[in-house]
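**Student:** What shape does this take:
(2 chains)
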Amino acid sequence: MSLDRRSFLGLGAAAFAGAAITPGLRLIELVQARSPEEAASTLKRWGLLIDTTRCSDCEVCVTACHTENGVTGHGRPATDAQWIRKVTLSDKRTGHAQALPLMCQHCEHPPCVDVCPTGASFKRADGIVLVDKHTCIGCRYCVMACPYGARSFIHETVTGQKPDVPRGKGTVESCTLCVHRIDRDGQPACVDACSKDGGKAMVFGDLNDGAGELRQRLRREPSIQLRADLALNTGVRYQGL
Amino acid sequence: MKFKRDMRSGASGATVFLLILAGLAAVAASPHARGAPPVIKIEKPGQCVEPTALMRRDHMKLILHQRDQTMVRGIRTTKHSLKNCIDCHASPKTNSVLGKEGFCESCHTYAAVQMDCFECHSPSPRAPPSATKPLAVRTGAAAAGPVAAARVEGAAR
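**Tutor:** Residues are numbered from 1 along each chain as shown, chains lettered A, B, ... in the order given. I've put the predicted structure just below:
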């Protein structure tokens, strides 16, 4: 059997189209686990989905966070550091109350970074908003700028820090999304604790990874950003509010 | 001029010279003259991450560079990290690089160079690696899905 030019080209085109739409074939390969030598990449954007309907009365996320990061207080709630806290929203007319964990929302356009006079407040390539405590002068502009009240100031000398989580007097701090665990391919302590001892209300993942559980959930189910009107494009999303 | 005259008269010149020598020896022997010399106790003998001469002169530059690499870019190589220094150099007695005989503090006190690292950083070594190992494995619902599987494989490599 001999092919004329026209049918040869037709077959070639069909084969190419078939290969191009083959499920599982990706033109841009998924990002694999990062080695310690590799810098954080903009290909990833870490995020969280919190299902408030599954968020029960417990505080395991708060305890786990503060244990993991060595956040200790002095029994003075007004000034003690809070990296994550449980907030209760109640409708005064119906009396319906909901609890949700609130922490740094890891915005794409973080106001805390905009206002920082020294550049200490910064966003890492993979979307995690952090404080460089080496350059933080403790002015607390970011504390005022954050619409979520996520930042805390350390008023007193700290001892007994965790080796992975340096903390010191005179600087501002907030949720780091457990960046030291993420860099070792782990997930935040709050998510671990919630899926183990809590209501399994939290999902951690890469907002850029279309095949990941986080994006699948966000595609299937409705979710909101807190204060979406500010157009900060938060990395933390909520469901059931 | 008076000193020169003394030197010319043989016997008294020698006496002055001996007195100066004795004075120098006394100053060198006195514990209060320059403060206590640093205690450089190498807990784990062997080669440091760089040659000793380089570490003595430039350890602060290495740590400073690594600090920005880790914090801003998320590069967590251990070779030049502060945590690696502490893991190796902490005294097993006090579990710290600080204290009178601590590796960092004794030398910095002697050289009168203030070190701010430990106002925020822990001066104690990390827990042994076995305690931090389970982090690499995801648990619960998040473990499902191809990406998580790839990540766990990657961690095993």
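**Student:** what comes up buried for stretch A:127-139?
**Tutor:** A:127-134, A:136 (16 or more other Cβ atoms under 10 Å in any protein chain shown). (Glycine included, C-beta is placed from N, CA and C.)
**Student:** near chain B, from these?
**Tutor:** Filtering the buried residues of stretch A:127-139 for proximity to chain B by Cβ under 8 Å from any Cβ of the partner chain leaves A:130, A:132-134.
**Student:** Can you report phi and psi for the residue nearest to residue B:63 when sequence neighbours are not counted?
**Tutor:** Distance criterion Cβ to Cβ, 6 or more residues apart in numbering or on different chains; nearest residue to residue B:63, sequence neighbours excluded, is residue B:82 at 5.5 Å. Main-chain torsions, residue B:82, degrees, to the nearest 10: phi -60, psi -40.
**Student:** contacting residues around residue B:82?
**Tutor:** B:63, B:66-67, B:117, B:121 (Cβ atoms under 8 Å, 6 or more residues apart in numbering or on different chains).
**Student:** can you put those in CSV and add distance to residue A:179, neighbour count and pLDDT?
**Tutor:** Listed next are those as CSV, based on distance: Cβ to Cβ, whole Å; neighbours: other Cβ atoms under 10 Å in any protein chain shown; pLDDT from 0 to 100:
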residue, distance to residue A:179, neighbour count, pLDDT
B:63, 19, 15, 96
B:66, 16, 21, 96
B:67, 14, 17, 95
B:117, 19, 21, 94
B:121, 16, 21, 96
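**Student:** In strands, which of the residues you listed appear?
**Tutor:** Counting by DSSP state E, no part of these is found in strands.
**Student:** which among those residues gets closest to residue A:14?
**Tutor:** residue B:66 (54.7 Å; Cβ to Cβ).
**Student:** quick one: that closest one and residue B:83 touch, right?
**Tutor:** No. Counting by Cβ atoms under 8 Å, residue B:66 sits too far from residue B:83 to count as a contact (9.7 Å).
**Student:** Let me see the domain layout of chain B.
**Tutor:** Domain assignment for chain B by automatic domain parsing gives B:1-33, B:35-126, B:129-157.
**Student:** quick one: pLDDT of residue 133?
**Tutor:** I went with chain A, as the question did not name one. On pLDDT, residue A:133 comes in at 96.
**Student:** My question was about chain B, not that one.
**Tutor:** Residue B:133 is assigned 40 on the pLDDT scale.
**Student:** Of all the residues in chain A, which one is nearest chain B?
**Tutor:** residue A:33 (2.8 Å; Cβ to the nearest Cβ).
**Student:** What separation do you get for that residue and residue A:75?
**Tutor:** Noted for residue A:33: a distance of 41 Å to residue A:75, by Cβ to Cβ, to the nearest Å.
**Student:** Which of those two has more residues huddled nearby?
**Tutor:** Set residue A:33 next to residue A:75 and count neighbours by other Cβ atoms under 10 Å in any protein chain shown: residue A:33 wins out with 17 against 5.
**Student:** So that one belongs to a helix, correct?
**Tutor:** No. With DSSP: H, G, I helix; E, B strand; the rest coil as the criterion, residue A:33 is assigned coil and is not in a helix.
**Student:** Distance-wise, check it relative to residue A:41.
**Tutor:** Distance from residue A:33 to residue A:41, by Cβ to Cβ: 12 Å.
**Student:** ok so, going back, from what I can see the residue of chain A closest to chain B touches residue A:185, true?
**Tutor:** Yes. In terms of Cβ under 8 Å, residue A:33 counts as a neighbour of residue A:185; the distance is 5.1 Å.
**Student:** got any ranges where chain A has weak pLDDT?
**Tutor:** A:1-3, A:15-32 (pLDDT under 70).
**Student:** Do you have the strands of it handy? List them.
**Tutor:** A:46-51, A:84-90, A:97-103, A:121-123, A:129-131, A:152-153, A:172-173, A:202-206, A:236-239.
**Student:** Of all these, which one comes closest to residue A:11?
**Tutor:** If we rank those by Cβ to Cβ, the stretch that ends up nearest is strand A:202-206, at 39.1 Å.
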